[in-house]
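Peer 1: Sequence and predicted structure, then a few things I'm wondering about:
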Amino acid sequence: MAVNIPGIISIAVFYLLILVVGLVAARKTRVSKQPAGVTQTENIMLAGRNIGWPVGICTMTATWVGGGYINGTAEAVYGLGLVWAQAPWGYALSLAIGGMLFARIMRSKGYVTMIDPFQEKFGSRIGGLMYIPALCGEIFWSAAILGALGSCLRVILDISDVLSIVISTCIAIGYTLVGGLYSVAYTDVVQLVCIFVGLWVCIPFAFVNENVGSITVNSDSWVGNWDNTYVGQWVDFALLLIFGGIPWQVYFQRVLSSRSATYSEVLSYGAAFGCVVMAIPAVLIGAIGASTAWEDTAYTGDLTKDDQKKLILPLVLQYLTPPAVQFIGLGAVSAAVMSSADSSVLSASTMFAYNIYKQVFRPKASEFETLVVMRIAILAVGAVAATMAILVDSIYALWFLCSDFVYCILFPQLLCVVYFDVTNSYGSLLGYLIAVILRFGGGEPTLGIPDLIKYPAYTNGEQLFPFRTLAMLSSLATILLVSLVTKRLFDSSIIPIKYDFLNAIRRKEGGEKYIVKLNSPPEASPSDRLAVSTGV
């Protein structure tokens, strides 16, 4: 197939539109008046904490409804059946639960990133450990959505995955470097409209294609079959998506950028509804793919292979819709990718610059220096995500892996640090190690990690036991139990306080010391400052 020149031109025009919107929004970062007590760093990282509910709901929805969301849902419905397409409703529930349990608390305390409460309670270094699973999640998420775009452009335009991924990454990084969250948020609004309109325009044309059968008559092919053998896996994945979808900086960046604590909850509930609505066209495309007689189309590949199943959405666009409609659908997928890639890259870079570089390595770093480091991190994170997108095969597997690590490691930590005052560094550190051992001991084919621990119901090299949930619950229990025991031991002087080498007990007894936010005036009140525990 020859390179599709009209398609390339249409995508180039779309990319130019997004780039222009991003750069215009970046101007708002430079010319808008910063609210009192808000630094330039916060202005870029959190859009001056001035995001209202309409833009906020759009940017939060668009962030979750990425290329991995659209392509991965269609892939799951086509390959596994609707009963296994858990991510759309799982992530929607995670947004709603995040709004109920965490949004108001985190926003009212004026945090800058999701890592702040950990460093506030455990100190900069122990708290900084939480950055590792958070970073992995953001990179895997970005890689999944960039890979989705590469697949679409390769099928429809006949250009290489590598070229399309690199170009898309460069554009997303370009306007993010300049405008920060303002650029990301306002491009998200445009991208969300493109996703919704683009996919729904394509579906009627695909439905009426002569090679597509009735999705109601052929429902068995896309609804899927329930097998009690895999109930443990189903529950494990469901809980992973629901609770593993909460501890994300990309989510809390929008929560913390909202104008008020009330708005932060509204954004969460609105985005939860938006995620469900935006999943409908992807589910229909998967159903259409499963109801198509592909042997009667011009497609000559083998859809029984995993590397072809992940292409089901672009294949439906390519072979079941007219050329002009293909380009509209491709624009929708491109919009989905850009809307999530920029957000994830910015989130990971923000945490590195503010919580790792500033709090751990260079406490005296100036605001300018911190912003320079953030921009360098944007380049680095974007490069790593693009590399993974090129190398990893399954979009849906990578998409699940995103929430996997944050569910097992980060969710119990966040729950404890927010709701259980007894939590200390000793419990946190041991809980972290338990989660890592139990999770990675169960193996991970996507990363080539063997099954070192064979859990109950281990069959034919497959873990059927919900070991991810076991790892999460074990970590949660360890954090609380070890924290309680160490506190009692130190309080009763069974262990002399001089052996509190993590400063966990002495820090709490001595009270918290406030470090004024970057370049904020000395007269700033405690509510305008970030409480960061000193010591470790």
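Peer 2: Yep, it's here.
Peer 1: Just the buried residues of whichever strand or helix holds I18, please?
Peer 2: Assigned by DSSP states H and E, I18 belongs to helix 5-31. Of the residues in helix 5-31, 7-8, 10-11, 14-15, 17-19, 21-22, 25-26, 28-29 count as buried by neighbour count, 16 or more other Cβ atoms under 10 Å. Yep, even glycine has a C-beta here, placed from its N, CA and C like the rest.
Peer 1: State the three-state secondary structure for L464.
Peer 2: coil (DSSP: H, G, I helix; E, B strand; the rest coil).
Peer 1: which residues does it contact?
Peer 2: By Cβ atoms under 8 Å, 6 or more residues apart in numbering, the contact set of L464 is 229-230, 232-233, 457-458.
Peer 1: M106 now?
Peer 2: Residues in contact with M106, defined by Cβ under 8 Å, 6+ apart, are 114, 117, 252, 255-256, 264, 418.
Peer 1: make it 7 Å
Peer 2: By Cβ atoms under 7 Å, 6 or more residues apart in numbering, the residues touching M106 are 252, 255-256.
Peer 1: I'd assumed it was in a helix, is it?
Peer 2: Yes: applying three-state DSSP, one finds M106 inside a helix.
Peer 1: i'd like the first residue to be 53 from this point on
Peer 2: In the new numbering, first residue 53, that becomes M158.
Peer 1: Could you give me the buried positions within whichever strand or helix holds P464?
Peer 2: Element membership for P464, per DSSP H and E: helix 463-471. For helix 463-471, the neighbour count (16+ other Cβ under 10 Å) marks 463-470 as buried.
Peer 1: Just give me how far that helix sits from the chain centre.
Peer 2: On the basis of Cα atoms, centre = their mean, to the nearest Å, helix 463-471 sits 18 Å off its chain's mean C-alpha point.
Peer 1: just stretch 457-471 next, same as before
Peer 2: Distance, centroid of stretch 457-471 to centroid of chain: 15 Å (Cα atoms, centre = their mean).
Peer 1: Mean confidence (pLDDT) on it, please.
Peer 2: Across stretch 457-471, pLDDT averages out at 93.
Peer 1: Which of the contacts of L516 are buried, as a PyMOL select command?
Peer 2: Those of the contacts of L516 that count as buried under 16+ other Cβ under 10 Å are selected in PyMOL with:
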select buried, resi 282+284+285+510
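Peer 1: and Y409, how far is that from G180?
Peer 2: Distance of Y409 to G180, computed by Cβ to Cβ, to the nearest Å: 10 Å.
Peer 1: same check, this time on G479
Peer 2: Using Cβ to Cβ, we find G479 at a distance of 17 Å from G180.
Peer 1: which of these two has more neighbours?
Peer 2: Set G479 next to G180 and count neighbours by other Cβ atoms under 10 Å: G479 wins out with 28 against 21.
Peer 1: contacting residues around the more buried one?
Peer 2: 530-532, 534-535, 538.
Peer 1: ok, and the most crowded of those residues?
Peer 2: Using other Cβ under 10 Å as the neighbour test, those are led by I531, with 28 neighbours.
Peer 1: Once you drop chain neighbours, what's closest to that one?
Peer 2: Leaving aside its chain neighbours, I531 sits nearest to G483 (3.6 Å; criterion: Cβ to Cβ, 6 or more residues apart in numbering).
Peer 1: What count of nearby residues applies to the one you found?
Peer 2: Neighbour tally, G483, other Cβ under 10 Å: 26.
Peer 1: cool, and G202?
Peer 2: Residues near G202, counting by other Cβ under 10 Å, number 26.
Peer 1: Please name the nearest non-neighbouring residue to W278.
Peer 2: Nearest non-adjacent residue to W278, counting by Cβ to Cβ, 6+ apart: V135, 5.9 Å away.
Peer 1: give me the low-pLDDT residue ranges for the protein?
Peer 2: The model of the chain has pLDDT under 70 over residues 53-55, 80-91, 119, 200, 388-391, 444-454, 558-588.
Peer 1: Give me the helices and strands touching the strand or helix carrying C246, please.
Peer 2: Assigning secondary structure by DSSP H and E places C246 in helix 213-259. Contact here means 3 or more Cβ pairs under 7 Å, 6 or more residues apart in numbering; DSSP states H and E; on that basis helix 213-259 packs against helix 57-83, helix 92-98, helix 105-116, helix 183-209, helix 313-342, helix 364-372, helix 375-403, helix 419-443.
Peer 1: so can I have JSON lines of those showing distance to F517?
Peer 2: Converted to JSON lines, the helices and strands packed on helix 213-259 look like this (distance: least, Cβ to Cβ, whole Å):
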{"stretch": "helix 57-83", "distance to F517": "44"}
{"stretch": "helix 92-98", "distance to F517": "41"}
{"stretch": "helix 105-116", "distance to F517": "29"}
{"stretch": "helix 183-209", "distance to F517": "22"}
{"stretch": "helix 313-342", "distance to F517": "28"}
{"stretch": "helix 364-372", "distance to F517": "30"}
{"stretch": "helix 375-403", "distance to F517": "31"}
{"stretch": "helix 419-443", "distance to F517": "28"}
